[in-house]
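Trainee: Return atomic coordinates for the entry below.
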Amino acid sequence: MNTSTKRIENDKSFDTNLKFIDEISSQNKFKVELVKDREIDTFLIREKEAFLLQINARFIEDEDNNYELSFIFNEITYKTKKIGSTSKHTNFKADKSVNFETTIELNRFQSENFEQYGFYKTYFQTELKEINTFHREFETVTHQRQGTEYFYDCIRISLNEKEYDVTQLKHNDKGFYVFECLQEQSYDEFSKVCFSIQQAIGFINKLMVGGEKFTFDDKGNCCYSNYIGPTLKGMYSPITANPYSYPDIEKDVADYYSNNLTRITLANFSSLVYKIHTEPEFSASILVILEATSIRSLLIIPSSFAIIIEQLSKHLSIEETGLEKPIDDRNLACKIIDELHKVIDDNAETLSETNLLKLKRRLKEINKPINKKHLTNNEKLTRPFEQLGIRLTLHDITIIEHRNDLLHGNILLDNEKIKDEEKTNLYLTYVSAKLFTLISKLILKSIGYDGYVYNQAKYLEKHMNIKTDEEYFEKI
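Mentor: Model prediction:
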């Protein structure tokens with residue numbers, strides 16, 4: 001079992017930043033001043049994950065003006081967008097001669113002194129119930145605040161010779177994920193790395209924080225934005241160190257696994273962030289997983305997962321050449337063929353002479369060498385599993401082969417055995433869970449993870465009257 005936390009010197013302070021967030025979020029409406037026209041009554045309106053600028057004036061087209069919306073709040077100037085563009089026909093000026101009210105949504109504003117290079121902390125607010133520490137899925141590092149040491153709510157990521165911490169906070173009945181860089185860098189670089197870390201955490205613990213964010217430089221200047229994307233709450237988490245968290249797992253099974261399950265190490269997690277950051281195929285796959293599962297649609301999830309299996313298989317496959325026999329041992333090959341002949345002979349009375357002959361002829365080809373350069377679609381889908389050393393069962397391969405159904409329009413996976421809606425939904429749920437488990441194995445094995453993956457589909461077997469030799473947790 002890997003370690004749960006590493007004790008390090010890691011002193012942090014969030015109070016000043018949180019005080020600003022509290023202050024600017026504490027009222028529904030603030031009186032502010034426009035830098036360009038201080039005499040115009042202007043208000044900053046606070047809505048859920050949004051700010052509006054309410055201006056008591058009408059804006060009209062003007063060839064010579066491109067109206068500046070920067071405003072002053074608590075004696076600090078905040079720069080924001082301009083109304084109008086470079087085209088002189090769409091510029092605007094404020095008409096204060098009539099009683100009129102213009103409301104403009106502010107997707108971004110920042111202190112005029114906000115540094116474009118330095119140290120940064122970004123705060124994403126989330127529901128308090130989502131702050132459960134990282135202890136269940138991640139190896140963590142300790143951190144200290146005001147003389148108190150915290151053990152399980154901080155992750156450290158190493159990327160391109162820089163380090164980043166993500167910390168969970170509870171503050172005034174609110175939850176926060178705080179992202180910070182520990183070395184100087186550009187704000188643009190920091191923002192891109194944050195987005196990669198958001199995706200990586202979302203894949204592991206099924207919560208990708210998003211929505212509005214407050215970013216502070218090391219002097220306390222703030223940049224606010226809310227245009228990147230909403231918080232996504234997925235359905236599946238591939239790793240857990242606590243088997244008791246799943247009510248469908250029997251206690252004796254949970255007891256067996258309780259001291260054996262693994263967390264993702266800091267090194268593995270950093271590798272995952274690196275892949276997301278540098279390989280668009282990984283980023284796209286994880287975003288599709290989170291977006292598809294956040295809407296809980298059984299029509300969308302299986303098809304989306306089939307696309308991901310195909311994309312990752314292409315991306316992770318290593319091209320091979322030459323011929324390969326399925327069975328290298330000649331004596332074993334002969335033994336298997338002889339046994340198959342016996343199976344056919346034992347059932348000969350149910351077959352016509354013609355079909356009996358066709359089957360026996362095919363047995364001669366059963367160990368025919370496979371050309372590694374010319375694989376079938378299904379062989380291409382399973383190749384990266386083989387190359388990464390991930391064991392596939394016949395049941396796994398059957399589920400992977402649903403890719404053909406899903407990508408050719410059979411999104412309900414209709415077949416002769418499944419007719420009614422309840423069974424269809426149950427089977428779609430099962431296929432979705434199996435595909436996610438297989439995707440998880442591909443992703444985690446490719447970053448060097450050596451541990452257990454939760455088999456999302458195992459608990460569904462009893463509801464479907466099927467039984468496999470699969471376990472609730474599978475070592476990869």
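Trainee: Could you pull out the buried residues of the one helix or strand residue 192 maps to?
Mentor: According to DSSP states H and E, residue 192 maps onto helix 187-205. For helix 187-205, the neighbour count (16 or more other CB atoms under 10 Å) marks 187, 190-191, 193-205 as buried. In short, each C-beta sits where N, CA and C put it, glycine included.
Trainee: Could I get the buried residue list for the helix or strand hosting residue 462?
Mentor: Assigned by DSSP H and E, residue 462 belongs to helix 461-464. Buried residues in helix 461-464, counting neighbours by 16+ other CB under 10 Å, are absent.
Trainee: for stretch 39-47, same thing?
Mentor: For stretch 39-47, by 16+ other CB under 10 Å, it's 42, 43, 44, 45, 46.
Trainee: So which of these sit within strands?
Mentor: Counting by DSSP state E, the part of those found in strands is 42, 43, 44, 45, 46.
Trainee: how near is the first one to residue 73?
Mentor: When CB to CB, to the nearest Å is the yardstick, residue 42 and residue 73 sit 10 Å from each other.
Trainee: do the last one as well
Mentor: For residue 46, the distance to residue 73 under the criterion CB to CB works out to 12 Å.
Trainee: what touches both of these two?
Mentor: Listed as contacting both residue 46 and residue 73 by CB atoms under 8 Å, 6 or more residues apart in numbering are 24, 30.
Trainee: would you put the C-alpha positions of stretch 301-320 in CSV?
Mentor: Only the C-alpha atoms of stretch 301-320 are listed here, as CSV (Å, rounded to 0.1, in the frame of the first residue of the first chain):
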residue,chain,number,x,y,z
ILE,A,301,-22.4,7.9,-22.2
PRO,A,302,-21.8,4.5,-24.0
SER,A,303,-21.3,6.1,-27.4
SER,A,304,-18.9,8.7,-25.9
PHE,A,305,-16.9,6.0,-24.2
ALA,A,306,-16.7,4.0,-27.4
ILE,A,307,-15.2,7.1,-29.1
ILE,A,308,-12.7,7.5,-26.3
ILE,A,309,-11.7,3.8,-26.5
GLU,A,310,-11.1,4.3,-30.2
GLN,A,311,-9.2,7.5,-29.8
LEU,A,312,-7.0,6.3,-26.9
SER,A,313,-6.3,3.0,-28.7
LYS,A,314,-5.0,4.9,-31.7
HIS,A,315,-3.0,7.3,-29.6
LEU,A,316,-1.4,4.7,-27.3
SER,A,317,-0.8,2.0,-29.8
ILE,A,318,2.8,1.4,-30.8
GLU,A,319,3.1,0.4,-34.5
GLU,A,320,4.4,-3.1,-35.0
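Trainee: Longest helix of this structure, counting residues only.
Mentor: Using DSSP state H to define each element, the chain has its longest helix at helix 421-446.
Trainee: Compute the first-to-last residue distance for stretch 77-96.
Mentor: Between the start and the finish of stretch 77-96 there is a gap of 22 Å, counting by CA to CA, to the nearest Å.
Trainee: Report the mean confidence score over it.
Mentor: What stretch 77-96 shows for mean pLDDT is 71.
Trainee: show me what contacts the spatially closest residue to residue 3 that is not a sequence neighbour?
Mentor: Leaving aside its chain neighbours, residue 3 sits nearest to residue 139 (6.0 Å; criterion: CB to CB, 6 or more residues apart in numbering). Residue 139 sits next to 2, 3, 4, 5, 6, 263, 264, 265, 266, 269 when contact means CB under 8 Å, 6+ apart.
Trainee: beta partners for the fourth one?
Mentor: When you say that, I think you mean residue 5. residue 140 (DSSP bridges).
Trainee: and the gap between it and residue 240?
Mentor: Counting by CB to CB, the separation of residue 5 from residue 240 is 16 Å.
Trainee: follow-up on the earlier one: what's the helix holding residue 192 packed up against?
Mentor: For helix 187-205, the packing partners by 3 or more CB pairs under 8 Å, 6 or more residues apart in numbering; DSSP states H and E come out as strand 120-126, strand 154-159, strand 162-171, strand 174-181, strand 207-208, strand 213-217, helix 266-278, helix 280-294.
Trainee: Go again with 7 Å.
Mentor: If you count contacts as 3 or more CB pairs under 7 Å, 6 or more residues apart in numbering; DSSP states H and E, helix 187-205 packs onto strand 120-126, strand 162-171, strand 174-181, strand 207-208, helix 266-278, helix 280-294.
Trainee: can you list the residues that contact that helix?
Mentor: Outside of helix 187-205, the residues within contact range by CB atoms under 7 Å, 6 or more residues apart in numbering are 116, 120, 122, 137-138, 157, 159, 164, 166, 179, 181, 208-210, 228, 232, 234, 237-239, 264, 269, 272-273, 276-277, 283, 286-287, 289-290.
Trainee: what about burial for the residues you listed, which qualify?
Mentor: Those of the contacts of helix 187-205 that meet the buried threshold are 120, 122, 137-138, 157, 159, 164, 166, 179, 181, 208-210, 232, 234, 237-239, 264, 269, 272-273, 276-277, 283, 286-287, 289-290, by 16+ other CB under 10 Å.
Trainee: Nearest spatial neighbour of residue 381, chain-adjacent residues omitted?
Mentor: Residue 381 sits nearest to residue 313 (CB to CB, 6+ apart), 4.8 Å away.
Trainee: okay, now the one you found: neighbour count?
Mentor: Neighbour count of residue 313, defined by other CB atoms under 10 Å: 19.
Trainee: Can you say which helix or strand has it in it?
Mentor: Counting by DSSP H and E, residue 313 is found in helix 301-316.
Trainee: Which helix or strand lies directly C-terminal to that helix?
Mentor: Counting by DSSP H and E, the element after helix 301-316 in chain order, helix or strand, is strand 323-324.
Trainee: How many neighbouring residues does residue 80 have?
Mentor: By the measure other CB under 10 Å, the count of residues near residue 80 is 18.
Trainee: same thing with residue 364?
Mentor: For residue 364, the count of nearby residues is 9 (other CB under 10 Å).
Trainee: And it, how close does it get to residue 358?
Mentor: 11 Å.
Trainee: now swap in residue 370 and tell me
Mentor: In terms of CB to CB, residue 370 sits 22 Å off from residue 358.
Trainee: who's more crowded, the two?
Mentor: residue 370 (15 against 11).
Trainee: I'd assumed residue 327 was in contact with that one.
Mentor: No. With contact defined as CB atoms under 7 Å, residue 370 does not reach residue 327; the gap is 11.2 Å.
Trainee: low-scoring stretches of the stretch 351-476 of the chain, by residue?
Mentor: Low-confidence segments of the stretch 351-476 of the chain (pLDDT under 70): 371-374, 404-421.
Trainee: on that earlier part again, now the residue nearest to residue 3: how far from residue 170?
Mentor: Taking CB to CB, one finds residue 139 at 21 Å from residue 170.
Trainee: With adjacent residues omitted, what lies nearest to residue 124?
Mentor: Nearest non-adjacent residue to residue 124, counting by CB to CB, 6+ apart: residue 209, 4.0 Å away.
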